[in-house]
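Q: Sequence and predicted structure are below.
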Amino acid sequence: MPPAVGDQSAVLFVVIVGVTLASVLAILVFRRIARLLLALVYRYWPSALPLFSSSESTKCYLRSTRALDNGRPEEAVEHALQLVEPGFSFNWLWVNCAVNALVNAGSYKEALALKARWSRDFLERARRRHPDGYLLVQVNLAEALYNLGRFRCGKRLLERITPECNERGSQLVRTGLIVQKAWLSVLMGDPVGALEQMVAVNERHLPRNYRAEVHFTRAAALRDVGRLQEAKTEALLGLKLSRRASSTRNALFILGSVAAEEGQPERAIELLEQGASHTYRAQGAEGLVLLGDQYRRVGRNPQSKQAYACAIARDPQGYAARWARRRLREEAASP
């Protein structure tokens, strides 16, 4: 017996509803995969962005990251700040780009002030929608805090976001969190704790142009516990992996600091001078102060004053600029 008309209508209705729901679900899944793929491209393969988007925001992002990688921090800031202007839709990736550019340029206070562009309620809603982007920005803002010498504030920020990072953060965010905590431990005089933290780090979870910093963090901690040969090995590994101009410069400063700890002031001066003359000229007050100290150690006092003055000029907001000012006052007071 053929099915009744009513039964046929019911079957047709079920089929239509099923196909519609399946289509909607497929679209939602596709959009989610597309957003995830685009986010991964932004973080790990930015050179491929034009294949996915030709928007003005994407162009600004690319210009900023290229300038940053090539050691042109002022240009990077110029492009990055366009991303957080009202003309562009809000995106944590854009905010993170601006934070990175400002920190790389030594504009730590300006990086911390970025949040004033939006209301607290707006940022909280954005945080709930995209927690991973929010957490990545916080990890990088901690760097702005400790570069200002606000070590405890940076530590509190990282500790505050740790539970959320562990629960909702990507591998990139969790790895970045650990590396920042370890570097801060070195700055606060706990290199043993830093080495313990770094055991959990897998550098493959970071973008390739940031993996050198894993080795620099280990090198600094090893240097401060007196394991100088291992520190040198880690710094050289970091130098080999360096893809950003700032990373290459930082490798030279770290290698110079290891040579200073080895009691080789002339070798330290050679490496630190290479760092000081590198094309990337922002930040770095600590390395320049160390260069001044090594000059003093071998009796080259006029050059030590120049190094301290250079530290203040290049990284005026940095905590080590205060050391440089103090050294200059000491030089002025000495007979």
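A: Received the coordinates, thanks. Residues are numbered from 1 along each chain as shown.

Q: Now do the residue most central in space within the chain against residue 86, distance only.
A: Centroid check for the chain by CA atoms, centre = their mean gives residue 140 as the closest residue, at 5.2 Å. As for residue 140, its distance to residue 86 is 23 Å (criterion: CB to CB, to the nearest Å). For every residue, glycine as well, the C-beta is placed using N, CA and C.

Q: With residue 227 instead?
A: Distance from residue 227 to residue 86, by CB to CB: 51 Å.

Q: okay, those two: which has more neighbours?
A: More neighbours surround residue 227 than the other of residue 227 and residue 86, with 17 against 7 (other CB atoms under 10 Å).

Q: Now do the same for that one: its pLDDT.
A: With respect to pLDDT, residue 227 has a value of 98.

Q: For residue 81, see how far away residue 116 is.
A: Using CB to CB, residue 116 is found at 13 Å from residue 81.

Q: Residue 113 too?
A: Distance from residue 113 to residue 81, counting by CB to CB: 12 Å.

Q: Looking at those two, which has the bigger crowd around it?
A: Shown here are residue 113 and residue 81; by other CB under 10 Å, residue 81 has more neighbours (19 against 12).

Q: Now the more buried one: closest residue in space, sequence neighbours ignored.
A: Spatial nearest neighbour of residue 81, chain neighbours left out: residue 98 (5.9 Å); criterion: CB to CB, 6 or more residues apart in numbering.

Q: tell me what the helix or strand that contains the one you found is packed against?
A: In the assignment (DSSP states H and E), residue 98 maps to helix 92-104. Under the contact definition 3 or more CB pairs under 8 Å, 6 or more residues apart in numbering; DSSP states H and E, helix 92-104 sits against helix 56-69, helix 73-82, helix 108-113, helix 131-147.

Q: quick one, the longest one and helix 92-104 angle?
A: For helix 131-147 against helix 92-104, the angle between stretch directions is 10 degrees (axes from the mean of the first three to the mean of the last three CA atoms, to 10 degrees).

Q: Give me the distance between helix 131-147 and the centre of its chain.
A: 8 Å (CA atoms, centre = their mean, to the nearest Å).

Q: For it, give me every contacting residue.
A: Residues from elsewhere that reach helix 131-147 (CB atoms under 8 Å, 6 or more residues apart in numbering): 91-93, 95-96, 99-100, 102-103, 106, 108-109, 111-112, 123, 126-127, 151, 153-154, 157-158, 161, 164-165, 168-170, 172-173, 176-177, 180, 183-184, 187, 283, 317-319.

Q: packing partners for the helix or strand hosting residue 194?
A: Per DSSP H and E, residue 194 falls inside helix 191-198. Contacts defined by 3+ CB pairs under 8 Å, 6+ apart place helix 191-198 against helix 171-187, helix 212-224.

Q: any idea which of the ones you listed is most buried?
A: helix 212-224 (a mean of 25; mean count of other CB atoms under 10 Å).

Q: Send over the following helix or strand past it as CSV, restricted to the C-alpha atoms.
A: Using DSSP H and E, the next helix or strand after helix 212-224 towards the C-terminus is helix 228-241. The C-alpha coordinates for helix 228-241 follow below in CSV (Å, rounded to 0.1, in the frame of the first residue of the first chain):
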residue,chain,number,x,y,z
LEU,A,228,78.9,29.5,31.4
GLN,A,229,79.8,27.0,28.7
GLU,A,230,76.2,25.8,28.5
ALA,A,231,75.0,29.4,28.5
LYS,A,232,77.3,30.1,25.5
THR,A,233,76.0,27.1,23.7
GLU,A,234,72.3,28.1,24.2
ALA,A,235,73.1,31.7,23.1
LEU,A,236,74.7,30.4,19.9
LEU,A,237,71.7,28.2,19.2
GLY,A,238,69.5,31.2,19.6
LEU,A,239,71.7,33.2,17.3
LYS,A,240,71.5,30.4,14.7
LEU,A,241,67.7,30.4,14.9
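
Q: Next, the angle from the helix or strand just after helix 228-241 to helix 92-104.
A: Downstream of helix 228-241, the next assigned helix or strand under DSSP H and E is helix 245-261. For helix 245-261 against helix 92-104, the angle by the same axes, to 10 degrees is 40 degrees.

Q: chain center to helix 245-261: distance?
A: 18 Å.

Q: who does it touch, helix- and strand-wise?
A: Using 3+ CB pairs under 8 Å, 6+ apart: helix 245-261 touches helix 212-224, helix 228-241, helix 265-276, helix 285-297.

Q: quick one: low-confidence parts of this protein?
A: Applying pLDDT under 70 to the chain picks out residues 1-54, 335.

Q: distance of the nearest residue to residue 183 once chain neighbours are set aside from residue 241?
A: In space, not counting the residues next to it along the chain, residue 183 is nearest to residue 217; the distance is 5.0 Å by CB to CB, 6+ apart. Applying CB to CB, the value for residue 217 to residue 241 is 13 Å.

Q: could you list every residue that touches the closest residue to residue 237 other than its chain neighbours?
A: Sequence neighbours aside, residue 215 is the residue nearest to residue 237 in space, at 4.6 Å (criterion: CB to CB, 6+ apart). Neighbouring residues of residue 215 by CB under 8 Å, 6+ apart: 203, 234-235, 237-238, 241.
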